[in-house]
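Participant: Build me a model:
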Amino acid sequence: MQNVIFERIEKDLKGNDVVLYMKGTAAFPQCGFSALVVQVLSQLGVPFKDINILEDSALRQGIKDYTNWPTIPQLYIKGEFVGGCDIVREMYQSGELQQLLSDKGVAHQSSAA
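Facilitator: The predicted structure is shown next:
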C-alpha cells in the first residue's frame, strides 16, 4: 500500500512545480497552519497544487512517512521538501523562500515580508 501512496506523491511532485499537502483546500483551509502557508504563497503570487490530506487517511500518513516529517502542511518546490508552516513563515520573512523560488526557476512576486 505504501508503495502506491509514494508513487502517487512522486507523480504529484513531478507534475507540479509547487505542491502543498494541507488540511483542506487553498480556497477553504481546514487549519490555521495550512491557511498561513496558503497566504504566504498567495502573497508571492505563486501558483501551486493544493492536496487535501483530510480526504484520504492513507495519504495523510503516507506523506508523513515519505518525508519523515510528522506535521501537515508540507510544502514542496520542484520536488524538494521545504518544510511546514513555521519554516515557510520564517523563510518568507527572511527572504529565503523568495530566493529558493528564484533559484528553482519558479515565477513569483518579490514582495517584502
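Participant: and the longest helix along the chain, what does it pack onto?
Facilitator: If you go by DSSP state H, the chain has its longest helix at helix 2-15. Other elements packing on helix 2-15 under the criterion 3 or more Cβ pairs under 8 Å, 6 or more residues apart in numbering; DSSP states H and E are strand 49-52, helix 57-67. C-beta coordinates here come from the backbone N, C-alpha and C atoms, glycine included.
Participant: Which of the helices or strands spans Leu97?
Facilitator: Using DSSP states H and E, Leu97 sits within helix 96-103.
Participant: Flag every buried residue along that helix.
Facilitator: Within helix 96-103, the residues scored as buried using 16 or more other Cβ atoms under 10 Å are 97-98, 100-101.
Participant: what's the answer for stretch 3-14, then?
Facilitator: Buried-residue list, stretch 3-14, by 16+ other Cβ under 10 Å: 5, 8-9, 12-13.
Participant: What is the nearest of the residues you listed to Ile51?
Facilitator: Relative to Ile51, the closest of those is Asp12; by Cβ to Cβ it sits at 6.4 Å.
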